[in-house]
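S.K.: Any chance you could fold what I've pasted below:
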Amino acid sequence: MIVFTDLETTGLSSRDHTVLEIASIITDDKLNELSSFHRIVHWWMASDILKGVIPDPVTVNPYVLDMHMKNGLWLASSLSRDRLYHVDAEFAVWIKTYCPETGEHTGPQLAGNTINFDRSFLQSCFPESHALLHYRNIDVTTLNEYARRFWPSSFASRPQRAEASHRAMDDVRESLATARHYSEKLHE
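M.R.: Now for the predicted structure:
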């Protein structure tokens, strides 16, 4: 099983920032979708941001502040009742439901764009869920970079959105579509 995942966060450091949104799609090894998971996490500063209180850049990256004002994630986070520990517990149950064998050497592999970034936040914010995942990753960004260098026609024909929404489910669906594209191209 493969767990395609994307997180939206308050910045780039899993030590200094937190998760605002998680989306995930479990597939089988042929990339057939089996189930999806999506939660927006309540973050106490989201309401302050909406009131015009600008947090310290260590708490929220200025680029991320602007991006999530435009895409509505600050508002959604301020209205959410889901806390990190609740989402971690729900996500873990969801993984166990669709991937009965879980753990560092037997669990489903984590997949997505620049997936090491997401894995670092899973380790710090969703430790129960992270413990269920295999240590290996499927990094769709690496597939893109490899194709750009060695199979330019496959790279040029990959699925692309006109504009990134920077919302987790849109991003995870794009990762899955790109993985399917390369999977089909490699079978040709």
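S.K.: burial measure for the nearest residue to Ala177 once chain neighbours are set aside, as a count.
M.R.: By the measure of CB to CB, 6 or more residues apart in numbering, the closest residue to Ala177 outside its immediate chain neighbours is Pro159, 4.4 Å from it. All C-beta atoms are positioned from the backbone trio N, CA, C, and that covers glycine. If you count neighbours by other CB atoms under 10 Å, Pro159 ends up with 11.
S.K.: One more: Val58?
M.R.: The burial count assigned to Val58 is 12, neighbours taken as other CB under 10 Å.
S.K.: give the contact list for Phe37.
M.R.: Listed by CB atoms under 8 Å, 6 or more residues apart in numbering, the contact partners of Phe37 are 22-26, 90-91, 94.
S.K.: so of those residues, which ones are in strands?
M.R.: By the criterion of DSSP state E, membership of the contacts of Phe37 in strands covers 22-26.
S.K.: of these, closest to Ala179?
M.R.: If you rank those by distance to Ala179 using CB to CB, Ile25 comes first, at 10.5 Å.
S.K.: Just to check, the closest one is in contact with Ser35?
M.R.: Yes - the criterion here is CB atoms under 8 Å, and Ile25 meets it with Ser35 at 7.3 Å.
S.K.: Please say which of the two ends up with more neighbours.
M.R.: Taking other CB under 10 Å, Ile25 and Ser35 do not tie; Ile25 has more neighbours (23 against 13).
S.K.: Report the beta-bridge partner residues of the more buried one.
M.R.: For Ile25, the beta-bridge partners under DSSP bridges are Phe4, Ser36.
S.K.: contacting residues around it?
M.R.: Contact analysis of Ile25 by CB under 8 Å, 6+ apart lists 3-4, 33, 35-37, 172-173, 176.
S.K.: Which ChimeraX command selects the buried ones in those residues?
M.R.: Typed into ChimeraX, the line below selects the buried ones among the contacts of Ile25, using 16 or more other CB atoms under 10 Å:
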select :3,4,37,172,173,176
